[in-house]
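Sequence and computational prediction follow.
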Amino acid sequence: MKSHTRNTAPQEIELKLCLPGADPAGLAKHLAGLPLLAGRQAVRLSLYNIYYDTPEQALRQQRVALRLRRVGSAASPQWLQTLKTGASDASALSRRGEWETAVAGAALDRGALRHTAWADIDPDGRLFDQLAPCFVTVFERTTWQVGRPDGSVVEVALDIGHIEAGDRQAPICELELELKAGQPAALFEMARDMARLLAVLPASQSKAQRGFLLAQNSLDQPQYAQAPRLNLQLSRPELAQCVLREMFAQFTQNLNSLVTSDDPEVVHQARVGWRRFRSALRLFKKIPGVASAPAWPELQTLLSCLGELRNLEVALTETLPPLANGFALGDVQRAASWQAMTGALANAVRLAREAARSALQQPGVGANLLAMTEWLENLPAVVAGSGPRQKSRLRRWAMRRIVRLLQRLELAQQQATSAQQQHQLRIVAKRLRYAVEALRDLLPRRLARLCSEQAVSLQSSIGATRDLAQASALVATLDVDRAVVEFMRGVVAGSSLVSLPG
């Protein structure tokens, strides 16, 4: 996509963090007491922001945001018009072109866009004439200026308030670390210092992105995989960075949604994002820099909680409901026993979700995720060359990786006679599927389609059998009618007689 940020454009470099489980009422006071900010003067502002776009959201499609900001009260306001370009939803660290101009009042000023990138965005002026308010954000901002020994300067901004889109509202509770002088490493160093004492999560969605999602009633919905558009002139390190960023963003965005959402699909997609990320680390392991990815010991408790919660939710919402009539057979007492079992399972789901949210609030989780975010930003990205030769090399590399995974899948399929071997087969099938999805732009279409179909077929058939066994094991741990437990064991035994696809 064409960037509208010119070489001479003012640039905003910012690291955004959300604060899971924080109490907004006392958060500013709590932050002011942290060693990093203690003794520094805090500046407080009331901000009211109106975001504009066309009915077709032409600006959003070009990763552009245009807003009017009222600073202070309605009685004595100062109005600022801001244009931002180049926003990306793939990282908590954003680099955007930013032009901010004082304007006379609460109306867009075409003249204030004269010396910005607007001429590239709207060369004939037709977009400006179609602009209309889409949503507003209202929040209190508390800022601290922090100078560091290396000469860098970072503005720490705490924003507490809400987004309004029609009759919908969503809370704002986030930190923005903006680089005023120095290198982006200063942002991560400061974020790490804060993460030792405060639960934070990297947040890749801006207020503008959240506002558009709220207007569409899709805020905090599951974040699904988004295969990146790959440039054939990328170096291999750049390719790895592009793919891994998207996968990591899927993981972290769903973690952010889990703070408030009870949708089982949010948990599922968080785990999918993490599996895709780990699979890609294996895929790119021989590329310089990838092998130095941070370990994730602080994530282990969270990952275990997500796995337990997902198993319970699959059993409750997918695996067990189709079996209810087969157990009850029209008998009222047996139907009541089944209902009691599902009630106990629903309570286990609730407790598991609370455990997962509690794990999210452990400072080590945010610190580990920040380390990964910084590592991704610093992956070697020197272009090794361009033109047909570079394109050919990249395609050949992708082909070799997929063919090797396909060969491993075929071998694992031949050896899959035990439950453990079938589980390993399913893992290989997932790796092939994720690799094909990530590298699809570099692969022959027929090969990509055949690999995907084979991987999905195996993954689904083995997964259904595993889900039955998992549901049976979970039911056996509950204080329920033993007839339900024995029924589930019989179902699992019957399903084991079904052969895998050849």
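Right, received. Where do you want to start?

Which residue is the nearest non-sequential neighbour of Q421?
Closest residue in space to Q421, ignoring its immediate chain neighbours: Q415 at 5.6 Å, by Cβ to Cβ, 6 or more residues apart in numbering. Backbone N, C-alpha and C define where each C-beta goes, glycine included.

okay, now the one you found: neighbour count?
Look at Q415: counted by other Cβ atoms under 10 Å, it has 12 neighbours.

What's the separation between it and Q422?
10 Å (Cβ to Cβ, to the nearest Å).

same question, Q414
Q414 is 12 Å from Q422, by Cβ to Cβ.

H162 too?
49 Å.

So the two - more neighbours on which side?
Ranked by neighbour count (other Cβ under 10 Å), H162 and Q422 place Q422 first, with 20 against 15.

SS state for that one?
Here Q422 is helix, with the state taken from DSSP: H, G, I helix; E, B strand; the rest coil.

Find the nearest non-adjacent residue to it, please.
A416 (4.8 Å).

Could you report the neighbour count for that neighbour?
19.

right, and it touches L425 too?
Yes: at 4.3 Å, A416 counts as touching L425 under the criterion of Cβ atoms under 8 Å.

what does the model give L34 for pLDDT?
Note on L34: pLDDT of 90.

Kindly apply the preceding question to L500 instead.
45.

got it, and G72?
On the pLDDT scale, G72 is placed at 87.

who's the closest residue to it other than its chain neighbours bridged to?
Spatial nearest neighbour of G72, excluding adjacent residues (Cβ to Cβ, 6+ apart): Q78 at 5.8 Å. Taking DSSP bridges as the rule, Q78 bridges to V71.

contacting residues for Q78?
70-72, 102 (Cβ atoms under 8 Å, 6 or more residues apart in numbering).

got it, and S495?
464-465, 468-469.

Ranking by neighbours, what's the top pick from these?
L468 (21 neighbours).

Can you verify that one is assigned to a helix?
Yes: under three-state DSSP, L468 sits within a helix.

can I assume it is in contact with T319?
Yes: counting by Cβ under 8 Å, L468 touches T319, with 6.2 Å between them.

Would you agree E100 falls within a strand?
Yes: counting by three-state DSSP, one finds E100 located in a strand.

Which residues does it form beta bridges with?
Under the criterion used (DSSP bridges), E100 bridges to T82.

show me the contacts for it.
Residues in contact with E100 (Cβ under 8 Å, 6+ apart) are 80-82.

Scan these and report the most crowded one.
Q81 (23 neighbours).

is it true that it touches L68?
Yes: Q81 is in contact with L68 according to Cβ under 8 Å; the separation is 5.6 Å.

Common neighbours of these two, please.
103, 108.

In terms of pLDDT, where does A185 sit?
So A185 comes in at 94 (pLDDT).

same deal with N231?
Note on N231: pLDDT of 79.

Tell me if it really is in a strand.
No: assessed with three-state DSSP, N231 is coil; it does not lie in a strand.

what about it, how many neighbours?
Neighbours around N231, by other Cβ under 10 Å: 14.

ok, now which ones touch it?
No contacts exist for N231 under Cβ under 8 Å, 6+ apart.

Which phi and psi values does it adopt?
Backbone torsions of N231, given as degrees, to the nearest 10, read phi -90, psi 120.

can you redo the contacts of Q78 as CSV with distance to G494?
Formatted as CSV, the contacts of Q78 follow (distance: Cβ to Cβ, whole Å):
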residue, distance to G494
R70, 67
V71, 68
G72, 70
A102, 74
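
In space, what's closest to G105 - neighbours in sequence excluded?
Closest to G105 by Cβ to Cβ, 6+ apart is W79, at 5.7 Å.

Please read the previous query as pertaining to L113.
Looking at L113 with Cβ to Cβ, 6+ apart, the closest residue is L83, at 6.4 Å.

before we move on, back to that, quick one, what contacts the residue nearest to G105?
68-71, 102-106.

Now the buried members of these.
Among the contacts of W79, those classed as buried by 16 or more other Cβ atoms under 10 Å are 68-71, 103.
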